Each structure stands twice: as structure tokens, then as C-alpha cells.
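In: Here's my sequence, what's the structure:
(4 chains)
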There are 4 protein chains.
Amino acid sequence: MIIQLDSNITTLQKEELQKTLEGINYKGNQVATQFGDYIVAVGKKDFDIRSIGIMAGVKDIHKVSDPYKLVSKKWKVNDTVIDLGDGVKMGSGHFSMMAGPCSIESEKQIESTIEHLVDNGIKIMRGGVYKPRSSPYSFRGLGMDGLKMWHAKAKEAGLKIITEVMMVEQIEAMAEYIDIFQVGARNSQNFNLLDALGEVDKPILLKRGISGTINELLQAAEYIFSNGNEKIMLCERGIRSYESAYRNCFDINAIAMLKEKTHLPVISDPSHGIGVRAFVEQVALASVMAGADGVIMEVHQTPEKAFSDGQQTLSYKQAGKTYQKLRKTFGMREEFKRL
Amino acid sequence: MIIQLDSNITTLQKEELQKTLEGINYKGNQVATQFGDYIVAVGKKDFDIRSIGIMAGVKDIHKVSDPYKLVSKKWKVNDTVIDLGDGVKMGSGHFSMMAGPCSIESEKQIESTIEHLVDNGIKIMRGGVYKPRSSPYSFRGLGMDGLKMWHAKAKEAGLKIITEVMMVEQIEAMAEYIDIFQVGARNSQNFNLLDALGEVDKPILLKRGISGTINELLQAAEYIFSNGNEKIMLCERGIRSYESAYRNCFDINAIAMLKEKTHLPVISDPSHGIGVRAFVEQVALASVMAGADGVIMEVHQTPEKAFSDGQQTLSYKQAGKTYQKLRKTFGMREEFKRL
Amino acid sequence: MIIQLDSNITTLQKEELQKTLEGINYKGNQVATQFGDYIVAVGKKDFDIRSIGIMAGVKDIHKVSDPYKLVSKKWKVNDTVIDLGDGVKMGSGHFSMMAGPCSIESEKQIESTIEHLVDNGIKIMRGGVYKPRSSPYSFRGLGMDGLKMWHAKAKEAGLKIITEVMMVEQIEAMAEYIDIFQVGARNSQNFNLLDALGEVDKPILLKRGISGTINELLQAAEYIFSNGNEKIMLCERGIRSYESAYRNCFDINAIAMLKEKTHLPVISDPSHGIGVRAFVEQVALASVMAGADGVIMEVHQTPEKAFSDGQQTLSYKQAGKTYQKLRKTFGMREEFKRL
Amino acid sequence: MIIQLDSNITTLQKEELQKTLEGINYKGNQVATQFGDYIVAVGKKDFDIRSIGIMAGVKDIHKVSDPYKLVSKKWKVNDTVIDLGDGVKMGSGHFSMMAGPCSIESEKQIESTIEHLVDNGIKIMRGGVYKPRSSPYSFRGLGMDGLKMWHAKAKEAGLKIITEVMMVEQIEAMAEYIDIFQVGARNSQNFNLLDALGEVDKPILLKRGISGTINELLQAAEYIFSNGNEKIMLCERGIRSYESAYRNCFDINAIAMLKEKTHLPVISDPSHGIGVRAFVEQVALASVMAGADGVIMEVHQTPEKAFSDGQQTLSYKQAGKTYQKLRKTFGMREEFKRL
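Out: I've put the predicted structure just below:
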């Protein structure tokens, strides 16, 4: 049960509400975000929610039977729009493309990527400065120095930055240099990290766990929302399966289902979703037809020389065509609404 | 290694070829299909294939390193087209839609389905008369009587029939009443059935196994081809995964990869691929963007009353819209080739 | 619901029963096996089964809520014992070891295996004469000629034979030369084959499907039982997983759970269950501790020269030690019952 | 390649070594642990390691082709023994049993558990004070207050404590109250946490990821070792599969294979490994036969009232019998070595 509170609710009215909830054995979790105040009430007894709906200080009340609450579409029918400023919006009819290298490698690489993105009208650049690697002996990213260098160049070019954050201690330092925090698949249930990202007023792109369920992804997002941050995007990036012909099994079903279950934007990552360069475009286009609000892709001037993920990275030339097709496919999907 | 033989190769020339193969420790498997004669030679030693290519009776010779041979694109660059007659063609630029109920239930149901299909310009009707069911106590289909009734109605309406065959003994009796034999996921590695279907001159739609790999699917198709039948379509119908939010996990990656690995048409089954009615359309559209040559879907006048699979079956009204969108999506994919 | 019938029930009494079942909208499936007559009644309404229990001709009646019925432990508390004759019994306290090569290859190989088995007190020899192979170009077994040769030698040595049957047409010819029909993982839901094996009075060892669920395995066994054959063993042989360090993932949980769900003997196949020779013994021993009634293993005089599955096949020397440890482990498990 | 260094190696000698490695394009990672100094050299070129082996300051040198290095058995044939003090040792012939509740709930619960453990001769108590929960609204543990209370009681009773750490910031505060840090399945690839635990001189029990591969688990352990801590145990706790009859699929194969690949102790967690109380014992016993060096289990005075995981938790009475059987099974396994 989600209780939306009036912005001018008094402390006394809040206490009254909590008392009422206790009376019916519900636990009321207070949530205050950038956009509103809520009580998420969890309990077992069924009762007439109108009795609470009419209490002073209550704006609205909704039953939400899902295991996730605030991220559910059951109480918020209008899809969330995330505004990055400078006219860059994500979700609900705004189609987003994010592209860039797996790892930020050098100044030269940054410049080259930016040129490519600007030429193609792409507004958000991806890249890793903290890299989760299976082996401790692998390249683990350029860290804050790389991020600062990147930020300076990107700002100049008018590009937004999305990059992965791996631990609570990094958040504060990174915040002023990035536009979107990415949570990687391996941290999808790093609950302390999610808690902390709920306390930041920055958009979060949350990747599905390596074998995460759709429910787990939504509950992970609930951690962020319930800690105060409503600016969340979900990202399908392929799941682990028995099939060895590709790196991950892109879960096209999840794209379609997430769009029904949540009001949050849903982004697809076809690069990790199949892991083989030659097929990234087809998976990207398919994900748009299934309902994705955006796509995040790996591109590199010379994919075969990339520090990481080269085998799934597009060249600039390939990517240029893919952007075009993505825009057209999104256009057709929008037209379909009118059929 | 695939050796294509001249149509007028002599017995002596064949013996000569076999002798040469034996000399280099290759096993030569003779294959004769509706369309050609081949020797599939399997061995380990590497050698200059031109030495065989110049032998009398040899039309062409190709190295194929894949575990499957005749179904590989490595030797046959042009995609296979399957002609059902009456202008109905499948594969290579011909987009196919197949629709109908999970089970054939009654004369009335057949008539209603046919009317729906004809109204929507659909040429191929699906339906099961032999049903593989987990429990021996479930409805197992109307059998040959149902098929004959269906065939009479479909022929009158100018529709083609696709239906599942479950065992070798059924093939002969069914052959004259059907246009395409379907092999179900549970029989995807029923090698005796595949052998027998290789001896029939009817198109086969071969479904991927419940947890079949892409390689296993292609090798299963190789059984059919190597027994003499080149008219094969492959069908992605979702694989088993840990996710319980849907019935199967539609493997969009497989669509894209199969189109690269084989010259055979690739069909998607979004109904089984997600198993939830509300999302069948999105998966269908996505599969077209990924490269599918056609779609097979479950429709029913009253899905909630269907004998089986109701939860994933579209109503006529829903399906009507889906057909339209599928055609437009395919049209756009064709346009993309010119970008 | 399972209704056990008196052996001298009259036709009239049966009709009376069926009428009563129809009256409450239950479908009554008649089952006659080697050991008894049953009606498996399937329906939705809940009612007092005693009203049927007291009818003439009814020996006993049981509610069974599982999707499988006759193979459930809910109505038959005492575990099934399968008697192969000559003092060889399986299930319920009789520990069974079956061993032999993957494929029957030659007379010499048969003789060598028999000598090894006799030396070690093993009573049942395994081996394949019909081999399901992923590729049509692989060795597919010696067929009936191989079986006859094998049977002659095995009989002489007092050994029982277990071998795989792949299609309905093979059953009759094979029946007189074998003691146990094995159904392979790929045919675990080949329902026509299961139906036909239900009509034979020979024990069946039914393997779990490549990604079969526990419920599917039990329902597959229900096909055999409901067609008339109660002599069924279930076999865990590893399931498909994302892990590539081994061939299959041996499902130790399934052993423990199957022993609770069914009265049928449960056999483990550690050779396929891990697929790596060095670890077969540990998996075998573990399966006994989890409750297996027996083990089926691949052994070969020279595993590295075996026609198939060499990498998971034990040498005679290794196997000899494994048999000893298996017997001791089973002995300890039996002792544990008294704790 | 692992280079073991002399304890009295000079700075100059180290520099010399690094220069030599650079000369052959190897990256030399310096590692200093409680027990030794190493250089883990990673590169591509093959060369005669003896040329480095003879250099001043080098104790020994080993080629290790595995993706993990220091945790591999390839260079350290003798299994690691972890000494907790007071005669409690783990690994290499010391069989360890750890038991306790999922969550630490109250003083009374702690006392009751301790009594049960002492009565049964169990030396290590498990329990969670920081709980990773799918939903932010679930009970998340008693935190440091709970840990301090528990520590006081456990110390009095002579018991060792194992409990989960979830984030870097918790390590220091927790260290003086615990004997073993547990890393949960969801943090199995939380590389920053692993880095930090490498800097502590406390044993770590590292659980396999929810769908972690065996290689990933070993590489995660490599993070800890290469940061300075050799006291690591690996824990198999079941993997995610398509089967819904149980919570996780206990990977018995992994137990057997890990014992071959690494010198670290391998612990089994049958409680999570199957997730159903009735079968925990069988899985536990099986894991010992497969080679486990110890078992960690959930027990509770009243499992049905436990705050979490009640369905997989043993009662004291059940657990008491299981401990006995585990000891006997381990004893038999030790005897088998002499066969």
C-alpha cells in the first residue's frame, strides 16, 4: 500500500497515520524523495483503504500487491520522465541513445568518441573509469583522473556522461562529474550501494543482475526509490543461460514485461546482451520493437584494439547506421500506437 | 566437406570418389535429395580440396568446418526458398505468417479460424491434432479424423496446413492432408523421427528443443537434409530459463545468429516464446527486426475457452492488428537493406 | 484420485463406478497393469472419497493431489521392488550397480567387460546398441546384431542386460534379448514411446530429460504406468546449466526429493552427471548418501579408445575401487536408519 | 606464473626481478600476505622459467595456466589449513561444522543456540546481523548491537563466530567481534569488498555467486589472496536453475572439482543448497562424500518462527542427528583413502 502525502502534511498528521497503521498491524515506511512524500505500508490484513484515504494529510492511496511498491505501475500510471537538462529527456516517448567505449582509455580516445557522437546527434556518452573485472590482474580503469579529463571534454561538447559506480565511497567524488550513475550487473543486489544511491539527486541506470529475475530488478530499484531518489532507469543486458554460442542471452521478454510492470524507463544494452559485434544491431532494433525507451551501446574507433569488450564493440561506421535504423524503428513504433 | 555431384555422375565416378576419400581417411556419406546429390565427407586430415574438386562427376566442393554441414551457409550462400504452391513461398524475402489454434477442437472452430485467416490475408493455418502433453490424462488431440475434417475445409478456403507429427508411423497417413510437418520441441532430438522426415518430400518446420542449443538445432536439421529432404525451416520458440515471470525465454539472439549460420528459413513462435498473451505482439515484432523470415502464432475465437495454451493465445481482434504491424515491420527491415 | 479395484470386480460394478464418477464430473481412466487394476479419476470438485470407497469392487481409494498419480508415494507407501529374476532385485533396500561401456563395440569388448563385471560381483551390464547422436554422421551403434551377440555372452555369464530403446518399432525385437529397457534423456518426453513401453512387461529405466523438471520426469513415468507397466525406475543423469566446467550438472537435490515423491526406485548416472572421469566416483558416492537405490556407470577396458563418452568412462581398475566404496557407503546409509 | 620470494629479499633484488619481467613483457603484481611474499606475473610469451628461478631473492617459481593463480593447486600441492585458535582448525583433514540461525534475533535465541551447539560439540556458530534482503522493507538484521551481544555470549561458551559482512565500512568495526567473515552470494563479485577483505588478517568464507561459475569463484578468491589474505574458504551454496521444486540447485559437481582445482578448504551450505528442511541432511551427507571440508547449516529452536529462512532451517533435534551422521560419513571418507 502506497500513501501519497500532502506536501504540507503536519507532523501530528503523520503520527496519526502511523498510529492508524500500527493499529492494523502495518509497518509504515516513510519515504521522502525529490518529488514527494510517501508512506509505504506493508502488512497482511485486508481492509478498506478509503478509511485511510480520507485522513488529513493524505493526497492519495493505492493498493499495490507487487513485492515492489513505489516502482510499480499500479499506483503511477504515467511513465516517469527523467530530465538531464539541456533538453535531454529520457523515458515516456523520449528515445535515448547512449554510446561510447567500454573503458575510458586516453584523452585521444575520448576526443575521437566525442566527435563521433556529436556527428551522429548522440547526446549521452558512456564509458567506464571503474571496471569490475573477473581477475584482479586485469585493467581496472583510469579512476577519478580519467573521469575528470573526460568530464572536461564532454562538457565542452555538450555531452552528458554515464559511468559505473562500484562502491559507496566513490559516489560523492563522482557526483559532480557525471550525469547518470550506472550500477553494473554484479552490483545489482549490492544493497548498501543502492541505499546510498537513493540519497543522491542524480539519475541511476540500474542493470539487471547476471541471473537476476525481473522481480529482483524491480525490488533493487525499490531500494533506490525508497531511499529518496525517483530518477531510476532499468537496464536489460542479457542473462546467463546454458547456450554458449553467445556471451549472454538477451531477454527480449523482459523488455516487454518491464514496460507493463513499472513506470520507470527501460533501457536495452545489446552489446552485453549478445556479446558479438555482428549481431548487436539486430538485438538493438528488436529491443526497440519490444518497447525499450533507449539503448546503450559500446562503440570504439578501433574495436579490435579496445582495452576491454572489443568483440562486442561497434566501429563508428557500423554504429552510424545503427543509430539511423534505431530512430526509424522507434518512429514506426510510435506510429503503431495510432493503429 | 561437401561435394556437390553432377546430376549425370556415373556409378564408376562415384566409386572413384569414395576410394579417394577412403585414401585420406574420410568417411563419405552419400546424400540424395529432391534437389541434388552430395557426398558429405567427414575426416580429420587437412588437404587441398581442389584435388577432389577437379575429379569427374564433381560439380563443386566446399570446406565446412561447422559440426553441421548441408544446412550451413558456408557452402550455400543463397537462402533457401520453400515453395508451398499456389504462390505461397517461404524464406529469402518472403515473409510468412502462420496462425491458428493450439489444438484443433471442432468443425465450428475450424470454420471460424479459417474465416479470420482469410479476412486477414493469412495463407497458412496452424493447429494440433496430435498433442504432446506432460500428463497422460490431458486432451491429446482429435487425431486423423480431426485432420481430415480440417483438410477439407482448409483446401476449400485455399489455406495451407501446418501441424505436428509425433511419430514415424503417423507420417505416411498424415502426408496427403498437410502442407508442412511440424516437429515439436520435445521431439527436436528424436532422431528416428528426423530420419523418417528426411525421406518425405514435404516441408518440415523443426522447433528448437526445450533447452536445445543452436548447434543442436542445426544438427537436428542436418538429420533431415542428409536423409533426402532439403525443405526445412527452423523455429525459435523460447528456451527454458530460471526466470518464472514467463513460460519460456524467447531467444532473440538465436534468430539473429541462425540467419548467419544457415541458409534455411528461420521462423519465430512468440506465443510459446513468452507464453503470455499481452506480450506476444511485442516479441513477434522484435523477432522480425532480428531477422525472422516468418512468425507462427496461436489465435482463437475465445482464447479463454481454448482446450490448451489459452493464456498465450490471441483473440482475432488482437491478432488482426498484429498482422498489420508485422507486415509494416518487415517492410521497414527490407528498406534497411538499402541504407 | 486413485481407485484400486478388486481383482474380481465385475463389468457391471465398473460401469457403476464410471457412472458415479461422471456424475461428479470426473474423468475415470482405466488402468490395468501386471499387478493390479485401477481407475485414475481426474476432476476438480472436492468430495468425500469414502462415498466411492465403499462401492462394490473397490479395494481402496486415495486422494493424490500431485500432477502425477500412480507413481506418487501418496497412495503407495511401500517402495516398489523390481525383480529381474535369479535373485537380482532393485529398489527398496536392494542396492543396484549397473556398469558397462557407452557403446557395444565388438565381441572382444563384450567379453572383456563381462569378465570385469563378474570379477566384481556386478549383475547388470549396460551398453548401447542404438545410440542417439547429435550428428547424423557419428557412429550410431551395432543395432540388433550387436544386441544378439551381447545377449548370448551375457546370458552365459549370468548377467542381466540394460540398453536403450529409441523407437516404438524396436521394442518387440529387442524385448527377448534385454532385461531392462532404458529410455534416454532425449526421449524422456517421447510420449508415444512411453505409451508403448507401458504395454510391455519389462522393467524400464527412464532418464530425466536434458532440462527436464522433477515433475515432468514423474509425469513421463505416469505414461508408462498408466499404460500397464509398473516396473519403472527413474534416473537422474545431470541437467543442463550455465556452468561449462563439466558436461552436465548432477542434481543431487533431485535424488533426495524423488525418494520422497515416488515409490519407484531412483538410480543415479554419475558418468553423464558430471562427464569427467576423475570425479565420477565422488558423484556416485554422494548420490548414494542422498538416497539413490542404485548407480549406472560407464566402464571400458581402455576408456581413451572408447567409440563414445571416453572422457567420462572409468577404467576397470578405477571402477573396481568405486564398487567397493559404493557398497560400504550404502551399508552406512542403511545403518543410519537405526540412529 | 607465481614467483615465491625469499623473506629476506632486498629491494634491489625485487627491482631486478621486475626489470626482468618487463623485459619479457610480463606484468609483475607484488603480493604480500600473512605468510609470504609473491610476484604474480601475467604475460603471454612462453619462456624457460628456470632463468628467473635462479635469480637472487627467488625461493621458488611455478607456471600456473589457470585464470586464477595464487588460489590454484598447481603451485601449492598441500591443502591450506586455517587455524582459528583454541584447537579449531579448518581444511585438510579437519572436518568443520558450523551451525546457527539465519538471523540473530535476540539474546534468548543466542543462548538457546549456544546451548544446542555446545551439547553437540559444534565449535563455530553462524548467524546474520547484516542481512541482504530482496526487499528494502524486510528485516535487515540487528547490526553491531546484535553482534556485540552475540560475541559476549559466544566467547563465554568458547564458540567461534562466523557472520556476513556486506560493505567495506563494516569491516573494521566487526573485526574484533568475529572469527570468520562471510561474503554472501550477492557480493561474490563485489570486488571492492574482496579487495578490502584481503587487507584483514581474518579468515574469509566466500560464497559462490547466485549463478557464479567455478572459475569466477576462484578468481574472486584470488582478489582476497592477492590483497594479502591467504585465509580463505570457498562455499558451494547452490546455483540458480530452471527447476522450481527447490530453492537452489546444490552443485555437487562443484565440490568435487573445487577440491581438485584449489588448495583452499571447500565448505558446503546444504541449507541454501536445496532450501527445503526435509532434504538438508541428505545434501549435507552427499557433500561430504563428494569431498567437502565442512558444512554450514541453519538451525533454530523453532524453525517455523524464525525471522528468515525458516523453511530450510533444522530443529535442534534434527540437527543433532545430522551432526552424528556427518561425523560418521567423514570418517568413512577418510578410511577410503586407504583403499
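In: if I look at the residue of chain A at minimum distance from chain D, how far off is A:Leu258?
Out: Proximity to chain D, evaluated over chain A using Cβ to the nearest Cβ, is greatest for A:Ser211 at 3.5 Å. No exception for glycine: its C-beta is placed from N, CA and C like everyone else's. Distance of A:Ser211 to A:Leu258, computed by Cβ to Cβ, to the nearest Å: 16 Å.
In: okay, the two: which has more neighbours?
Out: The residue with more neighbours, out of A:Ser211 and A:Leu258, is A:Leu258; 28 against 23, by other Cβ atoms under 10 Å in any protein chain shown.
In: Wait, a helix at that one?
Out: Yes. A:Leu258 forms part of a helix when assessed by DSSP: H, G, I helix; E, B strand; the rest coil.
In: Test my guess that it contacts A:Ile214.
Out: Yes. The criterion here is Cβ atoms under 8 Å, and A:Leu258 meets it with A:Ile214 at 6.5 Å.
In: For A:Ile204, give the beta-bridge partners.
Out: For A:Ile204, the beta-bridge partners are A:Phe181, A:Ile232 (DSSP bridges).
In: Quick check: what element follows the helix or strand containing A:Asn253 along the chain?
Out: According to DSSP states H and E, A:Asn253 maps onto helix A:252-261. As assigned by DSSP H and E, the chain's next helix or strand after helix A:252-261 is strand A:266-268.
In: Partner strands of that next one and their direction?
Out: Its sheet considered, strand A:266-268 pairs with strand A:232-236 (parallel), strand A:294-298 (parallel) by DSSP bridges.
In: after it comes which helix or strand?
Out: Later in the chain than strand A:266-268, the nearest helix or strand by DSSP H and E is helix A:270-274.
In: Quick one: mean pLDDT for the helix or strand following that following helix?
Out: Counting by DSSP H and E, the next helix or strand C-terminal to helix A:270-274 is helix A:277-290. The pLDDT scores in helix A:277-290 average 98.
In: other SSEs contacting helix A:277-290?
Out: helix A:252-261, strand A:266-268, helix A:270-274, strand A:294-298, helix A:316-336, helix B:252-261, helix B:277-290 (3 or more Cβ pairs under 8 Å, 6 or more residues apart in numbering or on different chains; DSSP states H and E).
In: Now do the contacts for A:Asp269.
Out: A:Asp269 is in contact with A:Lys207, A:Cys235, A:Glu236, A:Arg237, A:Gly238, A:Val295, A:Ile296, A:Met297, counting by Cβ atoms under 8 Å, 6 or more residues apart in numbering or on different chains.
In: at 10 Å instead, please
Out: Going by Cβ atoms under 10 Å, 6 or more residues apart in numbering or on different chains, A:Asp269 touches A:98, A:126, A:182, A:185, A:205, A:207-208, A:235-238, A:248, A:250, A:280, A:283-284, A:287, A:292, A:294-298, A:312.
In: pLDDT score for it?
Out: So, for A:Asp269, pLDDT stands at 98.
In: For it, what are phi and psi?
Out: phi -120, psi 90 (degrees, to the nearest 10).
In: Quick check: it vs chain C, distance?
Out: 19 Å (Cβ to the nearest Cβ, to the nearest Å).
In: What about A:Asp251, how many residues nearby?
Out: 31.
In: Show me the beta-bridge partners of it.
Out: Bridge pairing for A:Asp251 - DSSP bridges - gives B:Asp251.
In: isn't it right up against B:Asp251?
Out: Yes. With contacts counted by Cβ atoms under 10 Å, A:Asp251 reaches B:Asp251, the gap being 9.0 Å.
In: which neighbours do those two share?
Out: Common contact partners of A:Asp251 and B:Asp251 (Cβ under 10 Å, 6+ apart): A:Ser241, B:Ser241.
In: what about stretch A:109-117, near chain B?
Out: No. Counting by Cβ under 10 Å from any Cβ of the partner chain, chain B is not contacted by stretch A:109-117; separation bottoms out at 17.9 Å.
In: isn't A:Ala254 right up against A:Gly209?
Out: No. With contact defined as Cβ under 10 Å, A:Ala254 does not count as touching A:Gly209 (11.7 Å).
In: show me where chain A has strands.
Out: Using DSSP state E, the strands of chain A run over residues A:2-5, A:27-32, A:37-42, A:58-62, A:82-83, A:89-90, A:96-100, A:124-126, A:160-164, A:180-183, A:204-207, A:232-236, A:266-268, A:294-298.
In: Adding distance to B:Asn120, write the helices and strands packed on helix A:277-290 out as CSV.
Out: CSV is the format used below for those (distance: least, Cβ to Cβ, whole Å):
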stretch, distance to B:Asn120
helix A:252-261, 23
strand A:266-268, 30
helix A:270-274, 32
strand A:294-298, 32
helix A:316-336, 17
helix B:252-261, 23
helix B:277-290, 14
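In: Ok, which of these comes nearest A:Arg50?
Out: Proximity to A:Arg50 (Cβ to Cβ) singles out helix A:252-261 among the helices and strands packed on helix A:277-290, at 25.5 Å.
In: pLDDT (mean, whole number) over that closest one?
Out: For helix A:252-261, mean pLDDT rounds to 98.
In: Point out the other elements, helices or strands, that that helix touches.
Out: helix A:214-226, strand A:232-236, strand A:266-268, helix A:277-290, helix B:252-261, helix B:270-274, helix B:277-290 (3 or more Cβ pairs under 10 Å, 6 or more residues apart in numbering or on different chains; DSSP states H and E).
In: hey, which of these is tucked in deepest?
Out: Most buried of the helices and strands packed on helix A:252-261, by mean neighbour count (mean count of other Cβ atoms under 10 Å in any protein chain shown): helix B:270-274, with a mean of 29.
In: other SSEs contacting that one?
Out: For helix B:270-274, the packing partners by 3+ Cβ pairs under 10 Å, 6+ apart come out as helix A:252-261, strand B:232-236, helix B:277-290, strand B:294-298.
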